[in-house]
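Colleague: sequence and computational prediction follow.
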Amino acid sequence: MGLLMKLLVLNTSIVICEISVILSIFLSFGCAETTKTRPSNTKPIVSAINLKNGDIVQTGFLIGTASGDDITKIEISSNGKVSLAEGTNQWIYKFPTTKEGWKDDEKRSFTIVAFDKNGNSSEKVVLNVRKGVNRDLNGDGFPDLVMGDHLFDNTKGAAFIYNGTIDGMQASIDGKKANKILKGKKSGEYFGKTIVVQDFDQDGYADIVISDFSINKHIKAYFYKGSSDGIDAPVIKTVLRDQDQSGYFGITFFVGDFSLKGFFNLFIKSRDDKKKNITVDVLEE
Ligand SMILES: [Ca+2]
Ligand SMILES: [Ca+2]
């Protein structure tokens, strides 16, 4: 083969090669185009776990789940305000407190919608619920139970805490199965004679106030603050009463928002047997 012929063959090979490269690039683009997935238009699904329509709310939190193609946010609308829940596939929303305007026994509607990365939104879930007493000490969405036994252990007294669950309270309740037991220290202390559970400091977690009911001039009310870990060590409020030690301080507690300012007042009743009268102390505001 002459030099001219060889060059011609070489040029032809280069041209064929170039065409092949171009075709290959074109085909590869074509292939990539055909394998690219389109955004899904499947709607995400959202649901509430701890409450259903018509329930009385005894917790500071609404909890739920969402499923779909990368959930990006959970929106909760109520009373003209839109808020974001914390979390996506598993989410939690803090209810407005009394101080924030949701009064005791007031009905409110909460509309829940989940959004995914493609902009799809779920069907709305609407909850029409009524505000009850917050009894959820650990903020898991389920109300907990606190029961006192002031005669426990030779009148030292105790309070038994049972955590609520998604299946409700356990059918058989006894001291051995309590999740936590708070105990009095001395005989005659009658710890747990009166107990009030309420979210006193309005942080969403229920708190406990327990009287020791001692017939003693140093009289105590124990304030246990609720949190995600349960209850903290108590803050002890010592109140000096009758010097003759006849005042039955803490014989009864009562809680209510009597100032109508969104704060709870704790009224503690005493009875003075010698003076035959009853006094009421306001301990918390
Ligand atoms: Ca709980
Ligand atoms: Ca609290």
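Modeller: Done, it's in. Ligands and ions are numbered 1, 2, ... in the order given.
Colleague: in stretch 57-72, what's buried?
Modeller: Neighbour-count burial for stretch 57-72 flags 57-66, 68, 71-72 (criterion: 16 or more other C-beta atoms under 10 Å). (Glycine included, C-beta is placed from N, CA and C.)
Colleague: check Ile92 and give its pLDDT.
Modeller: Here, the pLDDT recorded for Ile92 equals 98.
Colleague: any idea what it is bridged to?
Modeller: Residues in a beta bridge with Ile92, per DSSP bridges, are Ile63, Glu86.
Colleague: ok, it touching Glu86?
Modeller: Yes - Ile92 is within contact range of Glu86, at 5.1 Å (criterion: C-beta atoms under 8 Å).
Colleague: which one of these two is surrounded by more residues?
Modeller: Neighbour tally, Ile92 and Glu86, criterion other C-beta atoms under 10 Å: the higher count belongs to Ile92, 18 against 13.
Colleague: quick one, what contacts that one?
Modeller: 61-63, 85-86, 141 (C-beta atoms under 8 Å, 6 or more residues apart in numbering).
Colleague: Asp207: which of the residues you listed is nearest?
Modeller: Distances from Asp207 to the contacts of Ile92, taken as C-beta to C-beta, are shortest for Phe61 (14.9 Å).
Colleague: okay, the closest one and ligand 2: tell me how far apart.
Modeller: As defined by C-beta to the ion, to the nearest Å, Phe61 lies at a distance of 12 Å from ligand 2.
Colleague: per-residue pLDDT, that residue?
Modeller: On the pLDDT scale, Phe61 gets 98.
Colleague: what sits against it?
Modeller: The contact partners of Phe61, taken as C-beta under 8 Å, 6+ apart, are 50, 92-95, 136, 139-141, 204.
Colleague: next, format these as JSON lines and append distance to ligand 2 and secondary structure.
Modeller: Formatted as JSON lines, those follow (distance: C-beta to the ion, whole Å; DSSP: H, G, I helix; E, B strand; the rest coil):
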{"residue": "Asn50", "distance to ligand 2": "18", "secondary structure": "coil"}
{"residue": "Ile92", "distance to ligand 2": "16", "secondary structure": "strand"}
{"residue": "Tyr93", "distance to ligand 2": "17", "secondary structure": "strand"}
{"residue": "Lys94", "distance to ligand 2": "12", "secondary structure": "strand"}
{"residue": "Phe95", "distance to ligand 2": "13", "secondary structure": "coil"}
{"residue": "Asp136", "distance to ligand 2": "10", "secondary structure": "coil"}
{"residue": "Gly139", "distance to ligand 2": "9", "secondary structure": "coil"}
{"residue": "Asp140", "distance to ligand 2": "14", "secondary structure": "coil"}
{"residue": "Gly141", "distance to ligand 2": "15", "secondary structure": "coil"}
{"residue": "Gly204", "distance to ligand 2": "7", "secondary structure": "coil"}
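Colleague: just among those residues, which is most surrounded?
Modeller: Asp136 (25 neighbours).
Colleague: isn't it up against Gln58?
Modeller: Yes - at 6.6 Å, Asp136 counts as touching Gln58 under the criterion of C-beta under 8 Å.
Colleague: many thanks, we can stop here.
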